[in-house]
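**Q** Provided below for reference: sequence and predicted model.
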Amino acid sequence: MLGNIKNMKIELKKFGDMLISRPSGREAFLAMSAYLIKDLDKNTEIEINFDGVKVLAPSWADEVITKLAEQFKNIKLLNINNASIKVTLKTLQKYSGLKI
């Protein structure tokens, strides 16, 4: 049923505007796994929207962004102009092997 979805949009602001701790990132990913990305094909385009996020810490992002990138081939990042988001994504690319 959900395997036919071609595009899934994830609004990170639903998890707060300060995404900072590893435990809250883990909790966010578990919620996504249970409700948003459950049964999606690995080729589904995942749009991650950072609009409204003021602070993104590497630990939170590692629990969510890195894990999404490991599960899905086509990740698109939206509204990443915030300095905190840019630095965190660079950190993940360097230390977690994030390839987005």
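**A** Arrived safely.
**Q** can you pull the contacts of the closest residue to residue 24 other than its chain neighbours?
**A** Spatial nearest neighbour of residue 24, chain neighbours left out: residue 60 (6.3 Å); criterion: Cβ to Cβ, 6 or more residues apart in numbering. C-beta: built from backbone N, CA, C; applies to glycine. For residue 60, the contacting residues are 19-22, 24-25, 28, by Cβ atoms under 8 Å, 6 or more residues apart in numbering.
**Q** what's in contact with the helix ranked longest in the chain?
**A** In the chain, taking DSSP state H as the definition, the longest helix is helix 83-95. Residues outside helix 83-95 that contact it (Cβ under 8 Å, 6+ apart) are 50, 53-58, 61-62, 65-66, 77, 80, 98-100.
**Q** mean confidence score for stretch 35-47?
**A** Looking at stretch 35-47 alone, the average pLDDT works out to 94.
**Q** Could you grab the helix/strand/coil label for the spatially most central residue of the chain?
**A** For the chain, the residue nearest the mean C-alpha position is residue 65 (3.4 Å; Cα atoms, centre = their mean). Under DSSP: H, G, I helix; E, B strand; the rest coil, residue 65 falls in the helix class.
**Q** And it, what's its pLDDT?
**A** 96.
**Q** show me the contacts for residue 68.
**A** Counting by Cβ under 8 Å, 6+ apart, residue 68 has contacts 10, 29, 32, 37, 46, 48, 75.
**Q** Top of the contacts of residue 60 by number of neighbours, please.
**A** The most neighbours of any of these, using other Cβ atoms under 10 Å, belong to residue 19, which has 26 neighbours.
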